[in-house]
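> Sequence first, predicted model second:
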Amino acid sequence: MTGRRRDADRADSGFTLAEVLIAVVLSGMLVSGVVGALATSFNVFNNSVATIAESSDADVIATLLIQDAQSAGGIDVATADTDPSLGISLTDDGGCTAAGTLVVRFSWLDAVDRGRRVATYARTPANALVRRSCVSGRPPSDAIVGSAVSSAIATCTPVANCTGTPTGISLALLGSGQNPSSYTVKATTRSRPQVRSAPSAPTVAFSVFGDSRNPECPSIDLAGRAMVTVVGELVAASTACRSGPIGGARANLLATTIRTVADLADPLAGLPPPVADCSGAAADPTPVGRNAGSPTVYRRRITIRTDTVFDPGDYVFCNGINLQRGVKLSGSGVLLYLAGSSSELRGVLDLTPPSFGPRANVAIWASSSRTTISGGLEASLIRGIVYSPTEELRFDLDRPINVAAIVASEIRFDETGSIRIGPVPTLIVLPGSLPVGTQGIAYPDTRMSATGGTAPYTWYGDGLPRGLAIDVATGLISGTPTSTGSSTVTITAVDPTGAAVSARLVLTVNSPPQIADVVLPNWTIDRSLVTLPLVATNGTPPYSWSASGLPPGVAMDATTGALVGTPTLAGAYTLDVQVTDAVLVAARRTFTITINAAPTVPAPTISLRQNRRFSNVPVVVGGTPAHTWYPVDLPSFVTLNPDGTISGRAPGGAQQVVFTIGVIDAAGAIVDATVITLDIT
């Protein structure tokens, strides 16, 4: 029995579910023997009741830790990707809060419960270690797995705080008895988390069981030139037709395995449909896609004309649904149950089905009417099962469609697009934005790329401005746009397996930049100059400014286009100004500016006649108009007018009057104490 105790002290080697179940049974059958073995591993050898209780706790904790660590994580059957919200955490209880302090949380996708399961370990103030188990749709259940635990610390490998993808976990515990014992239990995690499948789901990606009304015809009709790729196994019931169950362009069907069986029953025949009342004339809920019940029922035929996001839930369309071309219907946790009249889904689908419940992983269920699904202007992604048990399911393929699985009585593929049936991978188109273009200027070469699929990719571009195109093999967008405006461009990448992804991006084309016409102010030498910013129109902001031919001492602000500085040399200057926009398209314009010499006012002597009115203008030499005049010591009979004229009425008596005035030019240059002599005779 000592070997049993050592299993709690070392990391387990990867137990299977059967081994875990055996361990749980053994922990109940062999308590007395295990207790003795566990006691020998404690720091203090003591056969007290407290020590024996702690050893029993350690065995229970070890068994449950192995179970939870092996379960943690999960792979979404619809995408084949690991669910990042599942696994091990030391800080997030995942909505499964237990009383006390969180020690560790495990969460996984459970095939039996058909949903998310969480197990949290918490240490209570009463020194108990509690394991709480939570399952979607059920009340939580608690179990005391340690009754005398004063400390419990969880650490992971290779990262102690359990971030990333842990390969193992250790739980270090300290007892709280009179002779506290410390011990560590360990467990490894699975190298690949478990995959949760749909209830009664087919074991193949594509299952067609034939048309019971006309069993001698092909149940799979490749009517057009569309490429059909099945990642996994295709199983179809045989028919009496010469071509077997597959008719049409057989070369356009690629599958990992194609298997024909004599009699194939509907693998989802036992799946319960949503319970809905399609009778009566009650008003349909609005807006479309808002969860208004369980399920939400539409009694009239529904037409969707604008992009619509559905709330999680089951939706029953009693008289079918019409999704118009180019319109996007998206939602997570959504089942579309199509009853009554035929349905036309000719837009873009981006659907993730419910992950739990009786119809988990079913995205579209056509119960009694023919359903047509057509690729819109971008790739459709249906991450669940499309189920059509009684009527023909038709795909009119234009842009690619990815669907996780198809179960149908008969199916027809038409047109020239492509469909991939199998796990829907997560592809990403890069870059996430497109550069701005300029009308009449070559668009900057922009090469699209994709991650998550298998190179090389085939590229499509819808909505590109006139003059631009995308290279189907390289994803290079190039050309010269001939018009302006903003366009929503749909870029689609398809890999050799049919995996596809689309991205809606905005591409803006502007007119080339122009420089608005303005008159630069003339200025005066040695006076500080700051002009208003120049103005650029069109183009793509922000702009960068430069100029040549500037007066000495003056520069151009590269951000605003304003002239700044102190000119040091008078003269007339012709400036060559250039503005460059954000996409390096430039425009040029010439401007003129005159730098004047500093102003002076000659000291005049003005002759006046006694008792006569007069009006005279002092002369300014140099400077920059307009001038502002101000008095200094005017005689009482002299008026200084705003325009610089002096006027008044000369007094009687011959005399000579001397006074001063001042002047400021437009650049702020000042001439003080200009002497005026009036000679009155």
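Now that the structure is in, tell me what you want to look at.
> what pLDDT, on average, does stretch 352-372 get?
Taken as a whole, stretch 352-372 carries a mean pLDDT of 89.
> repeat for stretch 386-399
Average pLDDT, stretch 386-399: 91.
> Likewise for stretch 271-288?
On average, stretch 271-288 scores 88.
> Residue numbering should commence at 277 henceforth.
Understood, numbering begins at 277; the last thing we discussed is stretch 547-564.
> Same question for it: list its buried residues.
L547, P549, P550, A552, V564 (16 or more other Cβ atoms under 10 Å). (Each C-beta comes from the backbone N, C-alpha and C, glycine too.)
> just how off-centre is whichever strand or helix holds V765 within its chain?
Element membership for V765 (DSSP states H and E) is strand 761-770. Here strand 761-770 is found 16 Å from its chain centre; the criterion is Cα atoms, centre = their mean, to the nearest Å.
> mean confidence for the helix or strand following that strand?
Where DSSP H and E defines the elements, the next helix or strand beyond strand 761-770 is strand 776-786. The pLDDT scores in strand 776-786 average 94.
> Can you list the strands that the next helix or strand after strand 776-786 pairs with?
Later in the chain than strand 776-786, the nearest helix or strand by DSSP H and E is strand 790-791. Using DSSP bridges, the strands paired with strand 790-791 are strand 812-813 (antiparallel).
> Give me the contact list for the partner strand.
The contact list for strand 812-813, computed with Cβ atoms under 8 Å, 6 or more residues apart in numbering, reads P789, Q790, I791, A792, Y819, G837, V855, D857, A863.
> Which PyMOL command selects the buried ones in those?
This is how PyMOL selects the buried members of the contacts of strand 812-813, with burial counted by 16+ other Cβ under 10 Å:
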select buried, resi 789+791+819+837+855+857+863
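> and D333, that one's in a helix?
Yes: assessed by DSSP: H, G, I helix; E, B strand; the rest coil, D333 belongs to a helix.
> Go ahead and confirm it touches V425.
Yes: counting by Cβ atoms under 8 Å, D333 touches V425, with 7.3 Å between them.
> So which of these two has more stuff around it?
Between D333 and V425, counted using other Cβ atoms under 10 Å, the more crowded position is V425 (25 against 22).
> Any idea what the nearest residue to that one once chain neighbours are set aside is bridged to?
Nearest non-adjacent residue to V425, counting by Cβ to Cβ, 6 or more residues apart in numbering: L405, 4.5 Å away. Beta-bridge partners recorded for L405 (DSSP bridges): R399, G422.
> what about L405, how many neighbours?
Neighbour count of L405, defined by other Cβ under 10 Å: 24.
> who's in contact with it?
L405 is in contact with 333, 337, 379, 397-399, 420-423, 425, 428, 449, counting by Cβ under 8 Å, 6+ apart.
> Now R646. Its backbone dihedrals?
When read as degrees, to the nearest 10, the backbone of R646 gives phi -70, psi 140.
> And for the one 10 residues further on?
Its backbone dihedrals place S656 at phi -100, psi 140, with angles given as degrees, to the nearest 10.
> That one and D909, how far apart?
92 Å (Cβ to Cβ, to the nearest Å).
> I677 reaches I649, doesn't it?
Yes: the pair I677 / I649 is scored as a contact, 6.8 Å apart, by Cβ under 8 Å.
> Any chance you could list residues touching both of the two?
Common neighbours of I677 and I649 (Cβ under 8 Å, 6+ apart) are L625, S656, F671.
> Turn those into TSV, including neighbour count and distance to R925.
Listed next are the shared contacts of I677 and I649 as TSV, based on neighbours: other Cβ atoms under 10 Å; distance: Cβ to Cβ, whole Å:
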residue	neighbour count	distance to R925
L625	26	97
S656	27	97
F671	27	105
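> Make JSON lines out of the residues you listed and add distance to P827.
Formatted as JSON lines, the shared contacts of I677 and I649 follow (distance: Cβ to Cβ, whole Å):
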{"residue": "L625", "distance to P827": "66"}
{"residue": "S656", "distance to P827": "65"}
{"residue": "F671", "distance to P827": "73"}
